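Trainee: model this:
(chains A, B, C and D)
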Number of protein chains: 2
Amino acid sequence: MVKKKELDPEVQEMARICKALGHPVRVYILQKLAARNTCCYSGDLVDEIPVGRSTLSQHLKELKFAGLIQGEIEPPFIKYCINRSNWEKAKMLFEDLFNPEMDKPV
Amino acid sequence: MVKKKELDPEVQEMARICKALGHPVRVYILQKLAARNTCCYSGDLVDEIPVGRSTLSQHLKELKFAGLIQGEIEPPFIKYCINRSNWEKAKMLFEDLFNPEMDKPV
DNA sequence: ATAACATTTCGTATTTTTGCGAAATAAAGA
DNA sequence: TCTTTATTTCGCAAAAATACGAAATGTTAT
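Mentor: Numbers count the residues shown, from 1 in each chain, chains lettered A, B, ... in the order given. Purely as a prediction, here's the structure:
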């Protein structure tokens, strides 16, 4: 009898990351940062994304809290970029999900 | 001036999939189905997951709606398994996100 | 037909997420 | 110091997600 009361921490972590990715604005930001391997500024993003400044700020905050991006102050801006180490961890989690070893016990 | 009013459909799709993955129970189910390349039944799952039957049913419904799983009736049960074609599509979306071509235009 | 079983839908309550504008913060320049 | 600029926090409202038990649905077995 596998009467679990809580799900595996790895499962929790995966869900946490996916939740952070679960909004078009946040996907857009991550896609941009990941693809160009560069950084961006809140002020630039607000011209490309259909949300107000404060809302965008909240999305950035969430991505930061989830560990997927990091921001450093570069006056007069705040420069955001991918948090590489966590990004790699997330990448591996997704790779495990989509390319699992098929020989697990029943 | 790239004054977008709506984000790219691909971005929307990605967010939709991530949202479906953004809950521990749903991650658990998908992980199980993907890893063992097999099917499962609502009645079995309810013993491993700390939620009630109706709640589990809703999560399954959401995964089905998102296209990630499919259910077929196999009386007296309903057998759920991965929707392989959509699963491959999702896999590719994540691969693109994590392994982007770095030579995109600025 | 009716009883038993597996699962879903319904109604509802609680919590979380999303979004905005106004006000706050912080730093740079006049 | 007083603006200006860039961004965040606050306070709030609206919408969506989560969870549950009760009732409904549909199927199999008696």
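Trainee: CA atoms for contacts and neighbours, from now on please.
Mentor: Will do.
Trainee: most centrally placed residue in chain A?
Mentor: Nearest to the mean C-alpha position of chain A, counting by C-alpha atoms, centre = their mean, stands A:Leu68 at 4.1 Å.
Trainee: pLDDT wise, what is the residue nearest to that one when sequence neighbours are not counted at?
Mentor: In space, A:Leu68 comes closest to A:Asn83 once its chain neighbours are excluded; the distance is 5.3 Å by C-alpha to C-alpha, 6 or more residues apart in numbering or on different chains. Among the per-residue scores, A:Asn83 shows a pLDDT of 95.
Trainee: One more: A:Cys40?
Mentor: Here, the pLDDT recorded for A:Cys40 equals 86.
Trainee: ok now do it, which residues does it touch?
Mentor: Neighbouring residues of A:Cys40 by C-alpha atoms under 8 Å, 6 or more residues apart in numbering or on different chains: A:Leu33, A:Lys79, A:Tyr80, A:Cys81.
Trainee: which SS class is A:Pro100?
Mentor: Secondary structure for A:Pro100, judged by DSSP: H, G, I helix; E, B strand; the rest coil, is coil.
Trainee: For it, list the residues it contacts.
Mentor: Contact analysis of A:Pro100 by C-alpha under 8 Å, 6+ apart lists B:Ala34, B:Ala35.
Trainee: how close does it sit to B:Tyr28?
Mentor: Distance of A:Pro100 to B:Tyr28, computed by C-alpha to C-alpha, to the nearest Å: 13 Å.
Trainee: got it, and A:Arg36?
Mentor: Distance of A:Arg36 to B:Tyr28, computed by C-alpha to C-alpha: 32 Å.
Trainee: Settle it for me: which of these two has more neighbours?
Mentor: B:Tyr28 (22 against 17; other C-alpha atoms under 10 Å in any protein chain shown).
Trainee: on that earlier part again, kindly indicate which of the contacts of A:Cys40 lies nearest DNA strand D.
Mentor: Here the nearest of the contacts of A:Cys40 to DNA strand D, counting by C-alpha to the nearest atom of the strand, is A:Lys79; it sits at 6.5 Å.
Trainee: and whatever residue of chain A ends up closest to DNA strand D, how many neighbours?
Mentor: Relative to DNA strand D, the nearest point of chain A is A:Gly43 (3.0 Å; C-alpha to the nearest atom of the strand). By other C-alpha under 10 Å, the residues close to A:Gly43 number 14.
Trainee: Same question for the one 4 residues further on.
Mentor: A:Asp47 has 16 neighbours, counted by other C-alpha under 10 Å.
Trainee: Does it belong to a helix, a strand or coil?
Mentor: Here A:Asp47 is recorded as coil under three-state DSSP.
Trainee: List, one by one, the residues from chain A near DNA strand D.
Mentor: Near DNA strand D, the residues belonging to chain A are A:41-44, A:53-58, A:60-61, A:76-79 when assessed by C-alpha under 7 Å from any atom of the strand.
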